[in-house]
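Novice: I would like to see how this sequence folds:
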Amino acid sequence: MEMNQDKVPLVFSNASTDSHFDQILSLQQQNHYSSVPAGQQQDNGFVFASHTQALLKKMAAVVPQVIALSGDRVVGYNLAMTSDMKNELPSLIPMFEEFEKWKYNGKPLMDYQFVIGGQVCVDKEFRGQGLISRLYQQTRDSVPGNYQLCVTEISVRNLTSLKAHQRMGFEIIGTYYDGIENWNLVVWDWHRAQEL
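Specialist: The predicted structure follows:
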């Protein structure tokens, strides 16, 4: 448990109720690149994909969708997917296709067991408290132990997000263009993280 600025304990949990999923979607919409003014995106970060409650529930049935709660309020989330969910969100298909092209430590990425970081987001009021790291750590601790890596993509222009990910150990393994945006593919090696 962590304390926020109002001294309400922050609790990390797995999204399980309609309220949790609805609040994830609300926080997602507030921080979606279409909602954040272009002049604020570099400093505040932003998210790209848009989910539905049905899709979040489907994802949650496979791997935990971790949330940070301040009381009953969702103030951060880390969505996760597995590689067999490639066709669930059309905007992410290019990312899944890139996974088949890249290597990590000289080995094809697809030879690893990995979780896909589907999206991470923290409410504006709760930033600067290390919540991204805590959300990812909770995800790592919540998924089955056979997963070796967490892999995700970050927009090249989203430097705020890239720096936050690199601080916790994510490394860039490649960059690609999906026809709309340039993306960094990043990997967090869970076995290496546990050794540190």
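Novice: wait, what's in contact with the nearest residue to residue 52 once chain neighbours are set aside?
Specialist: Leaving aside its sequence neighbours, residue 52 sits nearest to residue 25 (C-beta to C-beta, 6 or more residues apart in numbering; 7.6 Å). (C-beta placed from N, C-alpha, C; glycine too.) When contacts are counted by C-beta atoms under 8 Å, 6 or more residues apart in numbering, residue 25 is found next to 51-53, 56.
Novice: what helices or strands is the host helix or strand of residue 67 leaning on?
Specialist: Assigned by DSSP states H and E, residue 67 belongs to strand 66-70. Applying 3 or more C-beta pairs under 8 Å, 6 or more residues apart in numbering; DSSP states H and E, one finds that strand 66-70 contacts strand 9-14, helix 18-30, strand 73-81, helix 131-142.
Novice: could you give the mean pLDDT of the longest one?
Specialist: Read that as helix 18-30. Across helix 18-30, pLDDT averages out at 96.
Novice: what do you get for the last one?
Specialist: Per-residue confidence for helix 131-142 averages out to 95 on the pLDDT scale.
Novice: Phi first, then psi, for residue 111.
Specialist: phi -80, psi -10 (degrees, to the nearest 10).
Novice: now the residue lying closest to residue 153 once chain neighbours are set aside, which residues is it bridged with?
Specialist: Spatial nearest neighbour of residue 153, chain neighbours left out: residue 183 (4.4 Å); criterion: C-beta to C-beta, 6+ apart. The partner list for residue 183 in beta bridges (DSSP bridges) reads residue 155, residue 176.
Novice: pLDDT value on residue 183, please?
Specialist: For residue 183, the predicted pLDDT is 95.
Novice: just checking, it touches residue 176?
Specialist: Yes - in this structure residue 183 lies within contact range of residue 176 using C-beta atoms under 8 Å: 5.7 Å.
Novice: who's more crowded, the two?
Specialist: Counted by other C-beta atoms under 10 Å, residue 183 and residue 176 do not tie: residue 183 has more neighbours, with 22 against 17.
Novice: circling back to that earlier point, so what strands line up beside the strand holding residue 67?
Specialist: Strand 66-70 is paired, per DSSP bridges, with strand 9-14 (antiparallel), strand 73-81 (antiparallel).
Novice: what's that strand in contact with?
Specialist: Residues contacting strand 66-70 (C-beta under 8 Å, 6+ apart): 4, 6, 8, 10-15, 20, 23-24, 74-78, 80, 122, 126, 131, 134-135, 138-139, 142.
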